[in-house]
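> the amino acid sequence is not available; the structure is as follows:
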């Protein structure tokens, strides 16, 4: 994975997308690879904002986010997605940094951690839990909105279409592209207990879930519970 940024760095990215009144996300580049990453922004009950998988943006977009709500919580969703963690903490020193329990050692190589998912203050709109079968190295963020619940994943669930070019061919070959899935790399390094992760996915796939936002790939807005059950069945 690329080295964590030491200074504020803006890579190419798309536009902010509003999924619900309290939920935004934006997709942008990763250094040296065709895979893109997603930053998700969720508003807590008190009006402050959770930043999941931080990504540096231009001043105009950062101002828009700051106007939307005070950035209170920075989520580093696993030990590899640390690219902008230190620079966001430097920019928002009052924000608290949280990560999955099993990722804490890796995350603290680049930024001080205030707590794990179990220690995030309780909130009526945004909830965090570790994913079973991952040795608590990753989790899921659930955001409750007026239209239903959104599940925000990171590397545990990809939804990347096949990509062009040589790098795209390699990503296809190693199983990182081609629709909603737990990738081969995810199965090897993340899903340490596949039956446990499968059962957790199945529990998450309730009728209240209206969308899934993966850390890599397209949002899933149609039959999100069915998609999650189908992914679970492959484990």
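Arrived safely. Not measured: the values here are computed from a predicted model. Numbering: from 1, shown residues only.
> return the distance of the lengthiest strand in the chain from the chain's centre.
What stands out as the longest strand in the chain, according to DSSP state E, is strand 33-43. Remark: strand 33-43 is offset 7 Å from the chain centroid, using CA atoms, centre = their mean, to the nearest Å.
> what sits up against the helix or strand just after that strand?
Proceeding N to C from strand 33-43, the next assigned helix or strand is strand 49-52, under DSSP states H and E. Here strand 49-52 makes contact (CB atoms under 8 Å, 6 or more residues apart in numbering) with 39-44, 65, 68-75, 77, 88, 95, 126, 141, 152. In short, each C-beta sits where N, CA and C put it, glycine included.
> list only buried entries from those residues.
39-44, 65, 68-69, 71-75, 77, 88, 95, 126, 141, 152 (16 or more other CB atoms under 10 Å).
> tell me which of the residues you listed fall in helices.
Taking DSSP state H, the ones among the buried ones among the contacts of strand 49-52 that sit in helices are 65, 68, 88.
> closest one to residue 33 out of those residues, please.
residue 88 (21.2 Å; CB to CB).
> before we move on, back to that, just checking, what packs against the longest strand of the chain?
strand 23-30, strand 49-52, helix 59-68, strand 139-145, helix 165-173, strand 216-217 (3 or more CB pairs under 8 Å, 6 or more residues apart in numbering; DSSP states H and E).
> nearest to residue 208, out of these?
strand 139-145 (8.2 Å).
> for the closest one, give me every contacting residue.
Contacts of strand 139-145 (CB under 8 Å, 6+ apart): 19-23, 40, 42, 50, 52, 75, 77, 100, 117, 124-131, 149-153, 156, 204.
> now with 7 Å, please.
The contact list for strand 139-145, computed with CB atoms under 7 Å, 6 or more residues apart in numbering, reads 20-23, 42, 52, 75, 100, 117, 125-131, 149-153, 204.
> for the spatially most central residue of the chain, list the residues it contacts.
Nearest to the geometric centre of the chain sits residue 154, at 3.7 Å (CA atoms, centre = their mean). The contact partners of residue 154, by CB under 7 Å, 6+ apart, come to 53, 77, 78, 81, 138, 215.
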